[in-house]
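# got a predicted model here, sequence first, then my questions.
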Amino acid sequence: MSTYSLRGLNWFNALSTGAKTVNGLPTSLKVADAVLGDQPVRFIAVVADPDNRFVRARQGEVGLLEGWGLAKAVDEVIAADQDKAQKRALIAIVDVPSQAYGRREEALGIHQALAGAADSYARARLAGHAVIALLVGKAMSGAFLAHGYQANRLIALRDPGVMVHAMGKASAARVTLRSVEELEAFAASVPPMAYDIDSYASLGLLWETLSVQQIEQPSVADVTRVTDCLIQAICDVAEKGSDLRGRLGAPNRAASARVRQLLREQW
């Protein structure tokens, strides 16, 4: 039995059935071009590669190869669709436990690799590509910043295994000098510290949450429901524009919205 999550791979395979696979990328990246409804899309997922030459990136982490590979996969779409009236949407399937931690990663510039991925997603969004992130598992730390967080719309599946945070629980407990149990109790009253999707949704960052029957291995009904939601999200981006202002509407973001308003008034 594998020690790493297969959710990202399973959802990629389920959603991209019949799609054209994109080659020339690291084994840990799954990329395919398809059509949802009448909308061309590119599915992108980071998956576990037990044989990754970088040992710290073998369980689905986003490392050097993954960061630069994501940038390449997105930049190809920006360049190819530059003069097209209908640009491909980018669907980031997110199941990433963290960025890759290691001496080689630090020495070879993982900060640049992940920044390159985030930059490509942002440039795609600003160039008119709808960027949709589908959270099917963990969305942790710099891995999520590089793969998914730049999306116009974030969609999360409802499941205890779908978590968003800057750190894993064990790491956060060490940093805050608490036990994991104390951290969980503390996080229950502080939404930005919590791991569950409802707390994350209260920050206004999710466009939609969906319940599915089989999150580990999606059923036909699950795929249909998620596909319909992805199409709706793409249409919503086309109708309302590519900015991220929708993230500031929740009650727990009131202070952030107020600060931005004052900055605009006083700048």
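All right, it came through fine.

# biggest helix in this protein by residues?
Counting residues, the longest helix in the chain under DSSP state H turns out to be helix 220-240.

# now the element after it, going C-ward?
The helix or strand immediately downstream of helix 220-240 is helix 254-266, counting by DSSP states H and E.

# centre-most residue in the protein?
The centre of the chain sits closest to residue 148, judged by C-alpha atoms, centre = their mean, with a distance of 2.6 Å.

# hang on, that one packs against residue 94?
Yes. Between residue 148 and residue 94 there is a contact at 4.2 Å, judged by C-beta atoms under 8 Å. No exception for glycine: its C-beta is placed from N, CA and C like everyone else's.

# anything in contact with each of these two?
133, 135, 139 (C-beta atoms under 8 Å, 6 or more residues apart in numbering).

# which of these fall in strands?
Within the shared contacts of residue 148 and residue 94, residues falling in strands by DSSP state E are 133, 135, 139.

# which one of these is nearest residue 209?
Closest approach to residue 209 among these (C-beta to C-beta): residue 135, at 9.1 Å.

# list the contacts of residue 211.
Contact partners of residue 211, counting by C-beta under 8 Å, 6+ apart, are 157-158.

# please disregard the earlier target; I meant residue 34.
Shown in contact with residue 34 (C-beta under 8 Å, 6+ apart): 15-16, 18-20, 40-43.

# now for the nearest residue to residue 240 once chain neighbours are set aside, how many residues are close by?
Nearest non-adjacent residue to residue 240, counting by C-beta to C-beta, 6 or more residues apart in numbering: residue 246, 7.4 Å away. Number of residues near residue 246 (other C-beta atoms under 10 Å) recorded here: 17.
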